[in-house]
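Asks: make a model of this:
(2 chains)
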Amino acid sequence: MNFRLRVWRQPNAKAAGRLVDYEARDISPNTSFLEMLDIVNENLLARAEEPIAFDSDCREGICGTCSLTINGEAHGPDHPGAVCELYMRKFRDGETIIIEPFRVRSFPIIKDLVIDRSALDRIVQAGGFISARAGSAPEANSIPIPKHDADLSMEAAACIGCGACAAACPNASAMLFTAAKVSHLSLVPQGNPERVRRVLKMVHVMDAEGFGNCTNTYECEAVCPAEISASFIAKLNREYMRARLRASAGD
Amino acid sequence: MIVAITGIILILFVIGHLLGNLQIFLGPDWINGYSQHLRDLGPLLWAIRIFLFAAVSIHIYATIQLAIENRRARPEPYVDRNYVKASWASRHMVVSGLVVLAFIIFHLLHFTARKFNPRFPLLKLDPLNRYDVYSMMVYGFENVYVSIFYVIGLFLLTLHLTHGSSSFFQSLGLNDRKLTPRLALAGRIFAWLLFAGYTSIPIAILLGLIKPAQQL
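Replies: Residues are numbered from 1 along each chain as shown, chains lettered A, B, ... in the order given. Model (predicted):
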């Protein structure tokens, strides 16, 4: 298959970027999107040109490192799934493919398609953990957890922190990410002691990082490779209101 | 949350206002009596008006602030953008809201302050010495351009509410996996029912189904 690529090139964080056209020729339909970019880069290197910088790590959809907006959709047209799980057979032969970075002010571009998502790390550092005493694992049945809560917690914990929610959101809001991180700990007893502080601090840092606000368009859940439901955002809203009430009551 | 609560107040008003207006189909006696009843409330009517004005102002102030923050959160837009799920209405709440605001201002000047129509001052009281709201509405909507502007204003209100009338549940944390998609559908149906109810009045008047109670 042959494709015409229009790729965002930007030499560094400060420089202006622009779309540059490239040809991808003789690509197997079963090539993944990232392998296709590898092939294009090898050709660029052979011609002594600067290769396209893009992020990837595990290439099996679990690390959340790859972060491309393809034809206007975060992670490309094959939802749910990260870019590394996208195959060229999903495109038409001869198609023009526009590749851009995730565009969120809080994710500054480092180079070309590589962005800095440490804003998400700072949200987690604000409270997305439990302060448990380390040591050998306790007996599993000593803390009973209802099956429903455990399942819901696991569903939220599936978030891989890729940032596609904020990239796809019309308002560049990171609510789905924060909601998943708050929910998976607040649903289980281990997360309960820090429940109030956690949500207040994480929402505070989320706002301070300059993300937008949620206006319930649900674009985030449509592109999420881990299929995190926007109902966790409603849960975050509940957690936040509960915490504000408790904090004002002096708890 | 502020937007959600003020939004609910305004939705309740829009429902009540429609029920009041639909009395035009029951004849002059009904709607003239209804409006006389509202005016008889006196200070309470003004309290309600001030309360609604406050709700509108807070709703707009809070949403404009949100919109500015949201705009700042993505300074460089995408070259290419393809929305998978977000509806047009949900992405254009500010635009639809501002058109509705312009419509409300016109509507208040038109039927509350009774401007723009040379025949409004000529209207006499009805046989029971009440203001003849019935004939005023008929003469007001007989102007095709006025009616068209009303339908446009109501269409944008409808788009605004296709998103807003279910979105507030999510903002207030009221969500359920089975119920939420149904609420979204119910919100759309609700918004279009309002549209049908409100536009039925100017359309019925333009079609000549409702005639003025007094000739000018």
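Asks: name the element the residue nearest to B:Trp88 when sequence neighbours are not counted belongs to?
Replies: Counting by CB to CB, 6 or more residues apart in numbering or on different chains, B:Trp88 lies nearest to B:Leu159, which is 7.7 Å off, once chain neighbours are set aside. Glycine gets a C-beta too; all of them are placed from N, C-alpha and C. Element membership for B:Leu159, per DSSP states H and E: helix B:144-171.
Asks: sorry, back to before: give the contact list for the residue nearest to B:Trp88.
Replies: B:Leu159 makes contacts with B:88-89, B:92, B:96, B:191, as judged by CB atoms under 8 Å, 6 or more residues apart in numbering or on different chains.
Asks: returning to what we had before: what's the following helix or strand after the helix holding B:Leu159?
Replies: Per DSSP H and E, the helix or strand that comes after helix B:144-171 is helix B:179-206.
Asks: thinking again about what came up before, now the helix holding B:Leu159: buried residues?
Replies: Residues of helix B:144-171 classed as buried: B:146-147, B:149-150, B:153-171 (neighbour count, 16 or more other CB atoms under 10 Å in any protein chain shown).
Asks: run the chain-centre distance for the longest helix seen in chain A.
Replies: Longest helix in chain A, counting residues (DSSP state H): helix A:231-248. Distance of helix A:231-248 from the chain centroid (CA atoms, centre = their mean, to the nearest Å) equals 23 Å.
Asks: what comes up buried for that helix?
Replies: By 16+ other CB under 10 Å, the buried positions in helix A:231-248 come out as A:231-240, A:243.
Asks: for those residues, give me a markdown table that also has distance to chain B and pLDDT.
Replies: Output for these, formatted as a markdown table (distance: CB to the nearest CB, whole Å; pLDDT from 0 to 100):
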| residue | distance to chain B | pLDDT |
| --- | --- | --- |
| A:Ser231 | 5 | 94 |
| A:Phe232 | 9 | 96 |
| A:Ile233 | 7 | 96 |
| A:Ala234 | 3 | 95 |
| A:Lys235 | 7 | 95 |
| A:Leu236 | 8 | 96 |
| A:Asn237 | 4 | 96 |
| A:Arg238 | 3 | 95 |
| A:Glu239 | 8 | 95 |
| A:Tyr240 | 8 | 96 |
| A:Ala243 | 12 | 95 |
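Asks: in the stretch 1-150 of chain A, what residue is nearest chain B?
Replies: In the stretch 1-150 of chain A, the residue that lies nearest chain B is A:Gly72 (3.4 Å; CB to the nearest CB).
Asks: in which helix or strand does the residue nearest to that residue when sequence neighbours are not counted reside?
Replies: Setting aside the residues directly before and after it, A:Gly72 is nearest to B:Asn82 in space (CB to CB, 6+ apart), at 3.4 Å. Using DSSP H and E, B:Asn82 is not contained in any helix or strand.
Asks: isn't B:Asn82 right up against A:Glu73?
Replies: Yes: using CB atoms under 8 Å, B:Asn82 is in contact with A:Glu73, at 5.0 Å.
Asks: settle it for me: which of those two has more neighbours?
Replies: Neighbours were counted for B:Asn82 and for A:Glu73 using other CB atoms under 10 Å in any protein chain shown; A:Glu73 has more, 23 against 15.
Asks: next one: the residue nearest to A:Gly72, what pLDDT does it get?
Replies: Here, the pLDDT recorded for B:Asn82 equals 95.
Asks: now do the same contact list for it.
Replies: B:Asn82 touches A:71-73, A:77, counting by CB under 8 Å, 6+ apart.
Asks: between those, which has the most around it?
Replies: Going by other CB under 10 Å, A:Glu73 tops the contacts of B:Asn82 with 23 neighbours.
Asks: next up, the contacts around that residue.
Replies: A:79, A:168, A:223, B:82, B:84 are the contacts of A:Glu73 under CB under 8 Å, 6+ apart.
Asks: if you set the cut-off to 10 Å instead, what comes out?
Replies: A:79, A:164, A:167-168, A:219, A:222-223, B:78, B:80-84 (CB atoms under 10 Å, 6 or more residues apart in numbering or on different chains).
Asks: reformat those as TSV; add secondary structure and distance to A:Arg195.
Replies: Shown next, in TSV, are those (DSSP: H, G, I helix; E, B strand; the rest coil; distance: CB to CB, whole Å):
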residue	secondary structure	distance to A:Arg195
A:His79	coil	32
A:Ala164	helix	27
A:Ala167	helix	29
A:Ala168	helix	29
A:Glu219	helix	29
A:Ala222	helix	29
A:Val223	helix	29
B:Tyr78	coil	37
B:Asp80	coil	41
B:Arg81	coil	37
B:Asn82	coil	38
B:Tyr83	coil	35
B:Val84	coil	33
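Asks: which regions of the chain lie under the pLDDT threshold?
Replies: Let's take chain A. A:251 (pLDDT under 70).
Asks: my bad, the chain I had in mind was chain B
Replies: Residues of chain B that meet the cut-off, pLDDT under 70, do not exist.
Asks: other SSEs contacting the longest helix along it?
Replies: Assignment by DSSP H gives helix B:43-72 as the longest helix of chain B. Under the contact criterion of 3 or more CB pairs under 10 Å, 6 or more residues apart in numbering or on different chains; DSSP states H and E, helix B:43-72 touches helix B:2-21, helix B:28-40, helix B:93-107.
Asks: quick one: which of the ones you listed is nearest A:Met36?
Replies: Closest of the helices and strands packed on helix B:43-72 to A:Met36 is helix B:93-107, at 38.4 Å (criterion: CB to CB).
Asks: quick one: that closest one to chain centroid distance?
Replies: 9 Å.
Asks: quick check: buried residues in it?
Replies: By 16+ other CB under 10 Å, the buried positions in helix B:93-107 come out as B:93-94, B:96-97, B:99-100, B:103, B:106.
Asks: now stretch B:183-199
Replies: Buried residues in stretch B:183-199, counting neighbours by 16+ other CB under 10 Å, are found at B:183-184, B:187-188, B:190-191, B:194-195, B:197-199.
Asks: equivalent analysis for stretch B:119-134, please.
Replies: Buried residues in stretch B:119-134, counted by 16+ other CB under 10 Å: B:120, B:123, B:126, B:130-134.
Asks: what's the answer for stretch A:46-66, then?
Replies: A:52-56, A:59, A:61, A:63-66.
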